[in-house]
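Visitor: Provided below are the primary sequence and the corresponding predicted coordinates.
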Amino acid sequence: MGKSELFYAVGEYTDDSKYCKSKGLKPHKTVMKSLDGKPFPVVTEYSKDGDIYAALEADMCYSGYVVTLMRLPELPFEELLSVALTAKRIEDRAGALGIILKKYASAFTQYLQMTKQNRNLNPVQKKQIALVATFIYDFIRENTSYVREMEDILLLCKELKTKYADMLPRSKWVRLFRYGI
């Protein structure tokens with residue numbers, strides 16, 4: 001059995017329950033919610049291979065997905081940052097960045113400021129930062145409701161994106177990472 005996934009992301013045009021079933025995720029915890037006085041069940045946690053995944057509501061992270069499932073327990077900032085910089089899966093990068101932007105914005109701003117001033121970054125680090133800065137800059141800029149709240153991060157990402165632009169590969173992977181296409 002391989003390493004379990006950190007995040008699952010359900011897109012806007014995907015049926016949540018069909019997606020979860022196709023990935024082998026089973027309802028673990030359900031709560032009752034109400035809409036127009038009519039109760040209905042909502043799955044808040046899923047399980048798979050002994051891992052529990054919490055369904056994060058849209059206001060809990062800025063991943064760009066309608067539903068993001070995060071493996072519990074939640075990782076601390078440093079580990080989320082490592083995932084954001086090095087993960088191979090777009091869902092893991094987007095999920096980690098979403099949690100960072102929502103819960104650790106001030107720590108992330110400090111990290112970006114220190115990175116901007118660091119002159120000793122190796123090419124791999126520059127490339128990782130350029131990809132993350134580009135992803136965040138494009139995502140925040142395209143989702144205007146976040147711009148005011150994330151203005152410092154947006155400006156720092158724009159500066160880092162420009163500073164390390166030559167490190168960005170011109171490949172299909174970049175298009176996938178940036179736009180999901």
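Guide: Good, I have the coordinates. What you see is a predicted model, and the numbers here were worked out from it, not measured in a lab.
Visitor: going forward, measure contacts and count neighbours with C-alpha atoms only.
Guide: Noted.
Visitor: Break this protein into its domains for me.
Guide: 1-75, 104-181 (automatic domain parsing).
Visitor: Just checking the distance from the first one to the centre of its chain.
Guide: The one in question is domain 1-75. Here domain 1-75 shows a centroid-to-chain-centroid distance of 14 Å under the convention Cα atoms, centre = their mean, to the nearest Å.
Visitor: Equivalent analysis for stretch 153-170, please.
Guide: With Cα atoms, centre = their mean, you get 18 Å for stretch 153-170.
Visitor: Name the residues of it that are buried.
Guide: Neighbour-count burial for stretch 153-170, with 16 or more other Cα atoms under 10 Å as criterion, is recorded at 153-154, 156-161, 164, 167-168.
Visitor: now do stretch 88-97
Guide: For stretch 88-97, by 16+ other Cα under 10 Å, it's 89-97.
Visitor: Reformat those residues as TSV; add pLDDT and secondary structure.
Guide: Putting the buried residues of stretch 88-97 into TSV (pLDDT from 0 to 100; DSSP: H, G, I helix; E, B strand; the rest coil) gives the following:
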residue	pLDDT	secondary structure
R89	87	coil
I90	81	helix
E91	83	helix
D92	88	helix
R93	84	helix
A94	81	helix
G95	85	helix
A96	88	helix
L97	84	helix
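Visitor: quick one on the thing from earlier: worst average pLDDT in the domains of the chain?
Guide: Note on the domains of the chain: domain 104-181 shows the lowest mean pLDDT, a mean of 77.
Visitor: any chance of the domains of the chain in TSV, with distance to V83 too?
Guide: TSV is the format used below for the domains of the chain (distance: least, Cα to Cα, whole Å):
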stretch	distance to V83
domain 1-75	9
domain 104-181	11
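Visitor: closest to A84 out of these?
Guide: domain 104-181 (7.1 Å; Cα to Cα).
Visitor: out of the buried residues of stretch 88-97, which one sits closest to T30?
Guide: Nearest to T30, judged by Cα to Cα, of the buried residues of stretch 88-97 is G95 at 22.0 Å.
Visitor: Now do the contacts for F77.
Guide: If a contact means Cα atoms under 8 Å, 6 or more residues apart in numbering, then F77 has 100, 104, 107 as its contacts.
Visitor: Please apply the same query to A84.
Guide: Each residue near A84 by Cα under 8 Å, 6+ apart is listed here: 92-94, 96-97, 132.
Visitor: which one of the residues you listed is nearest L75?
Guide: Proximity of those to L75 (Cα to Cα) peaks at A96, which lies at 8.9 Å.
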